[in-house]
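A.B. asks: Got a predicted structure here, sequence first:
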Amino acid sequence: VGSEMCIRDRLNRGFFMKEKYLKFCDFIAKACGAFAVLALLLSILVIVELVFERYFFQRAITWQTELVTMLLVASTFIGSVYVLSEKAHVSMEWIYDFLSKKNIIRLKIFTSLLSLLFFLILFYFGFLMVEEAFTKNYSTGTVWDPPLWIPYSSMALGAILMILQYIAEIIKLTDDKDYN
């Protein structure tokens, strides 16, 4: 009876840890979605400011185009976490018509593992890019001249967040009652 209680306690702890991880990933995904929306809204405001500055006041634009590009890249890399959590990524669902529920889940797990591998590689090379840009003090070379490690870091951050989210998606798929 004592060893049975110990096993049950371990299973309960594992279940609660898994639930905490999934809740954490859900919170992070929503925060990433909010960041993406804010980055897009800020981009729109900067573009409107650019139009006013250039056409109404005949001033040269110096920083707006670069900032908008950086914000759009960051919203894409970081916002993709929210898109994945909502299962809004592109998928070829017509293939599912030919598969059983269990094989659909197996296919989703397989594609999630491939995607996880891709984001592990992206994170590795993204980290190398950030490190090099930071240590060698790379910048854009424009009038505004922001350091390049800042926009590069959105790729590495987005990749690590996608890794966490893909792990959560794989956990959800393996917990599916039709898989077991």
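C.D. replies: Nice, thanks for sending it over.

A.B. asks: From the chain's centroid, how far away is the helix or strand V51 falls within?
C.D. replies: Under the criterion of DSSP states H and E, V51 resides in helix 2-51. Relative to the mean C-alpha coordinate of its chain, helix 2-51 is positioned 11 Å out (C-alpha atoms, centre = their mean, to the nearest Å).

A.B. asks: Quick one: low-confidence residue ranges for this protein.
C.D. replies: 1-14, 179-180 (pLDDT under 70).

A.B. asks: circling back to that earlier point, which other helices and strands does the next helix or strand after the helix holding V51 contact?
C.D. replies: Scanning forward in sequence from helix 2-51 by DSSP H and E, the next helix or strand is helix 64-85. Under the contact definition 3 or more C-beta pairs under 8 Å, 6 or more residues apart in numbering; DSSP states H and E, helix 64-85 sits against helix 2-51, helix 149-175. For the C-beta atoms, the positions are set from N, CA and C on the backbone; glycine is no exception.

A.B. asks: dump the residue contacts of the spatially most central residue of the chain.
C.D. replies: By C-alpha atoms, centre = their mean, the chain has its centre lying nearest to V81, at 3.3 Å. Residues in contact with V81, defined by C-beta atoms under 8 Å, 6 or more residues apart in numbering, are 28-29, 32-33, 158, 161-162, 164-165.
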